[in-house]
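**Student:** Return a 3D structure for these sequence lines:
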Amino acid sequence: MSGHSKWHNIQARKSKVDAARGKIFTKLGRELLVAVKQGGPDPDSNSKLKDVIAKCKANNMPNDTINKAIKKASGAGNEANYEEITYEGYGPNGVAVIVEASTDNKNRTAADVRHVFDKAGGNLGTSGCVSYMFNKKGVIVIEKASTTMEEDEIMMLALEAGAEDFGSEGEVYEITTQPSDFSAVREKLEEAGLEFLEAEVQMVPTTTVNLDEKGQEKMERLIERLDELDDVMNVYHNWEE
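**Tutor:** Numbers count the residues shown, from 1 in each chain. Purely as a prediction, here's the structure:
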């Protein structure tokens, strides 16, 4: 993969993320909770938790907040029980959309997600209807201005650690891995002092769809409304932003 166009304007993205930081931290807290419930509070023996912590750091969640969330999730009396569910559907102009949710009420979440799709002129589909158009990949994004390391040095470090591909696009470097290699590559880059704009395993589209201005506006509304739902953790699509 040679770069995601969504990173073409770093400052614009940072401003958007900053504005939604409270919401993002709440959702990341739930991801930490789910990871701790599934594998325990020790990231050294819980690879999923370790990866969620990396995602939290990429979103500038303070270490103290991360540690408090882990402690709360592992504490006695915390009976919160969330189930991870994936929805697939179509946005405006047939754009493929995958929605990952974490919920304690499947009926509520399904109804909320369906309502958002309907309002945006899209529709929910059956399981597997669009996932074949995506590959699960580890994705690490590094802002060029955040490091003094040379591009070749970062590329060799990543590839030697097991990365699948390395790309330079505009203001960022993008590194992709197989999901099984993600943690090892991320840890190697962290040890070298590199900081990430993004670091997580996600669904990457194999082909993309271009939209006209009206279609873009509809797609942006769909993504924003899905992100506003408390139960929605991640939204993936094959719109070429």
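
**Student:** Please give the per-domain residue ranges for the chain, including any split domains.
**Tutor:** With domains defined by automatic domain parsing, the chain comprises 8-74, 83-132+206-237, 134-204.

**Student:** And Asn107, which helix or strand is it part of?
**Tutor:** Element membership for Asn107, per DSSP states H and E: helix 106-119.

**Student:** So which elements touch that helix?
**Tutor:** Judged by 3 or more CB pairs under 8 Å, 6 or more residues apart in numbering; DSSP states H and E, helix 106-119 is in contact with strand 83-90, strand 96-103, strand 123-124, helix 213-228. C-betas here are computed from N, CA, C, even on glycine.

**Student:** what comes into contact with the last one?
**Tutor:** Helix 213-228 has contacts (CB atoms under 8 Å, 6 or more residues apart in numbering) with 20, 23, 91-93, 95, 97, 99, 113, 116-117, 119-122, 211, 232, 235, 237, 239.

**Student:** for this structure, what spans make up the strands?
**Tutor:** 83-90, 96-103, 123-124, 134-143, 165-169, 172-177, 198-205, 232-237 (DSSP state E).

**Student:** closest one to Asp51 among these?
**Tutor:** For Asp51, the closest of the strands of the chain is strand 198-205, at 6.7 Å, according to CB to CB.

**Student:** by contact count, what packs against the closest one?
**Tutor:** Under the contact criterion of 3+ CB pairs under 8 Å, 6+ apart, strand 198-205 touches helix 47-58, strand 134-143, strand 232-237.

**Student:** can you pull the buried residues of the first one?
**Tutor:** To tie it back to what came earlier, the one meant is helix 47-58. Lys48, Leu49, Lys50, Asp51, Val52, Ile53, Ala54, Lys55, Cys56, Lys57, Ala58 (16 or more other CB atoms under 10 Å).

**Student:** now do the second one
**Tutor:** Taking 16+ other CB under 10 Å as the basis for neighbour counts, the residues of strand 134-143 that come out buried are Phe134, Lys137, Gly138, Val139, Ile140, Val141, Ile142, Glu143.
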